[in-house]
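Asks: okay, sequence plus prediction incoming.
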Amino acid sequence: MAKDSLKESTKKILNFRNARNWKQFHNPKDLAISLSLEASEVLEHFQWKSKEEIEKYIKTHKEHIGEKLADVFAYLLLLSHELKVDLIDAADKKIKKNAEKYPVKKSKGVHTKYTKL
């Protein structure tokens with residue numbers, strides 16, 4: 001079974017929100033705050049853990065981590081909808097921009113910021 005498209009996922013989260021009359025709370029500022037807060041909750045799963053501890057932790061907490069990632073995704077969809085940002089188009093443009101900033105010949109295998117390449 002094929003996964004939902006971005007458009008279908010956006011429609012589902014909007015229907016969920018609208019059925020609860022939550023649009024009144026979903027201005028860009030609060031959606032951006034919520035997006036950041038949920039992303040921080042993803043980080044909590046990894047804080048203070050060594051590489052080995054993280055590998056073990058992921059195996060036993062993958063579902064909960066997935067739920068937090070889903071929260072991030074939902075707020076991203078809602079915010080992009082409110083701002084009328086086409087995420088696919090924005091991502092494509094950003095990849096092109098980054099390809100110029102990080103040419104393969106200079107950046108392959110290194111984590112140096114583009115201003116230092």
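Replies: Sure thing, it's come through.
Asks: I'd like the average pLDDT over the lengthiest helix in the chain.
Replies: Of all segments of type helix in the chain, defined using DSSP state H, the longest is helix 51-83. Averaging pLDDT along helix 51-83 gives 98.
Asks: buried residues in that helix?
Replies: Neighbour counts using 16 or more other C-beta atoms under 10 Å place 65, 68, 71-72, 74-81 of helix 51-83 among the buried residues. Every residue, glycine included, has its C-beta placed from N, CA and C.
Asks: domains for the chain, by residue range?
Replies: Domain assignment for the chain, taken from automatic domain parsing, gives 1-85, 86-117.
Asks: please identify the most buried of those domains.
Replies: Of the domains of the chain, the one with the most neighbours on average (mean count of other C-beta atoms under 10 Å) is domain 1-85, at a mean of 13.
Asks: for it, the distance to its chain's centre please.
Replies: Offset of domain 1-85 from its chain centre (C-alpha atoms, centre = their mean, to the nearest Å): 7 Å.
Asks: residue farthest from the centroid of the chain?
Replies: Distance from the C-alpha centroid of the chain peaks at K105, with 28.5 Å (C-alpha atoms, centre = their mean).
Asks: please, which helix or strand holds that residue?
Replies: According to DSSP states H and E, K105 maps onto helix 104-107.
Asks: how far does that helix sit from its chain's centre?
Replies: Helix 104-107 has its C-alpha centroid displaced from the chain centroid by 26 Å (C-alpha atoms, centre = their mean).
Asks: only C-alpha atoms, please: export that helix in CSV.
Replies: What follows is helix 104-107, C-alpha atoms only, in CSV (Å, rounded to 0.1, in the frame of the first residue of the first chain):
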residue,chain,number,x,y,z
VAL,A,104,31.3,17.8,-4.1
LYS,A,105,35.0,18.4,-4.9
LYS,A,106,35.4,20.6,-1.9
SER,A,107,33.0,19.1,0.6
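Asks: not counting it itself, show me its contacts.
Replies: Contacts to helix 104-107, defined as C-beta atoms under 8 Å, 6 or more residues apart in numbering, come from residues 114, 117.
Asks: and for stretch 72-90?
Replies: 6, 9-10, 13-14, 17, 26-28, 31-32, 34-35, 38-39, 42.
Asks: any idea which of these is closest to K93?
Replies: For the contacts of stretch 72-90, the minimum distance to K93 (C-beta to C-beta) is 15.6 Å, reached by L6.
Asks: okay then, goodbye and thanks.
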